[in-house]
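Q: Test case, fold it:
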Amino acid sequence: MMPTENEVLAYLRNVMDPEVGMNIVDLGLVYGVHVTGHTLRIDLTMTTQACPMSEMIQDDARQALKALMPEGAEIDLHLVWEPPWTPAMMTGYARQHFGWEEPSGEAER
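A: Next up is the predicted model:
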């Protein structure tokens, strides 16, 4: 059985951007999760097009998702640049982590 979007996002929360020490979901780098038949497509971006960790992050995402996927299913990581990533795409949890937002009770995650 193919995973749900929430399951995919939970697994991708284990994938870190090593330059900033935050997972790619809370950083707002995952733009979309699409399940069609036996294919899981992830639209993913980086904080900049010159990100030196791009290949490593994509490899880590593939490895994390392999544990979730049924045998024979395909993982399609699609690197996108539109819209350009901005810090506004981060969750409240990530903004608080970096000190860019004052805590107001429970941070969204």
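
Q: which SS class is the residue nearest to residue 8 when sequence neighbours are not counted?
A: Excluding the flanking residues, the one nearest residue 8 by C-beta to C-beta, 6 or more residues apart in numbering is residue 33, at 4.9 Å. Just so you know, the C-beta spots here come from the backbone N, C-alpha and C atoms, and that holds for glycine as well. Under DSSP: H, G, I helix; E, B strand; the rest coil, residue 33 falls in the strand class.

Q: Okay, residue 33 and residue 96: tell me how far apart.
A: Distance, residue 33 to residue 96, by C-beta to C-beta, to the nearest Å: 24 Å.

Q: Quick check: longest helix in the protein by residues?
A: Ranked by residue count and defined by DSSP state H, the top helix of the chain is helix 54-66.

Q: could you give the angle of the next helix or strand after that helix to helix 54-66?
A: Downstream of helix 54-66, the next assigned helix or strand under DSSP states H and E is strand 74-79. Calculated by axes from the mean of the first three to the mean of the last three C-alpha atoms, to 10 degrees, strand 74-79 forms an angle of 150 degrees with helix 54-66.

Q: list the buried ones in strand 74-79?
A: For strand 74-79, the neighbour count (16 or more other C-beta atoms under 10 Å) marks residue 75 as buried.

Q: helices and strands around the lowest-mean-pLDDT helix or strand in the chain, which ones?
A: The helix or strand of the chain with the lowest confidence, counting by mean pLDDT, DSSP states H and E, is helix 92-97 at a mean of 90. When contacts are defined as 3 or more C-beta pairs under 8 Å, 6 or more residues apart in numbering; DSSP states H and E, helix 92-97 packs onto no helix or strand at all.

Q: ok now it, how far from the chain's centre?
A: 15 Å (C-alpha atoms, centre = their mean, to the nearest Å).

Q: again with stretch 53-68
A: On the basis of C-alpha atoms, centre = their mean, stretch 53-68 is displaced by 10 Å from the centre of the chain it belongs to.
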